[in-house]
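**Student:** no sequence on hand, only this structure:
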């Protein structure tokens, strides 16, 4: 007779945890392989790239031309994203400025107290 393994309370949870752990391990291994491949590709591209061509592509004139070639929807989306990032940056800068000014005022108040 073959003896059945003893399955105590929580056995199903342990099996589920083991399955999740194995799946997570496989996912991490795939991600590592992809990162390794991407790193090798970037390294090869950097060795082959002509930096004058790269700088030409990033010149303001070329960037503006490429932007104008996009569809009107893509232009609107890009403009909205830039506006949102600019507004958030300005609000953050104002909050930091106000915080620094408040801190300075409090140090002066408590210095004279």
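**Tutor:** Everything's here; your move. In this text, all values refer to a predicted model and were calculated from it rather than measured experimentally.
**Student:** for this structure, which helix is longest?
**Tutor:** Assignment by DSSP state H gives helix 72-112 as the longest helix of the chain.
**Student:** tell me the helix or strand right after the worst-scoring helix or strand of the chain on mean pLDDT.
**Tutor:** Lowest on mean pLDDT, DSSP states H and E among the helices and strands of the chain sits helix 51-57, with a mean of 88. Proceeding N to C from helix 51-57, the next assigned helix or strand is helix 60-69, under DSSP states H and E.
**Student:** buried ones in that following helix?
**Tutor:** Neighbour counts over helix 60-69 (16 or more other CB atoms under 10 Å) mark no residue as buried. Every residue, glycine included, has its C-beta placed from N, CA and C.
**Student:** low-confidence regions, this structure specifically.
**Tutor:** 1-11, 113 (pLDDT under 70).
**Student:** ok, 50 please
**Tutor:** Applying pLDDT under 50 to the chain flags no residue at all.
**Student:** still on that earlier bit, the least confident helix or strand of the chain: how far from the chain's middle?
**Tutor:** In terms of CA atoms, centre = their mean, to the nearest Å, the centre of helix 51-57 is set 25 Å apart from its chain centre.
**Student:** got the contact list for that helix?
**Tutor:** residue 62 (CB atoms under 8 Å, 6 or more residues apart in numbering).
**Student:** same thing but at 6 Å, please
**Tutor:** Identification of contacts with helix 51-57 by CB atoms under 6 Å, 6 or more residues apart in numbering yields no residue at all.
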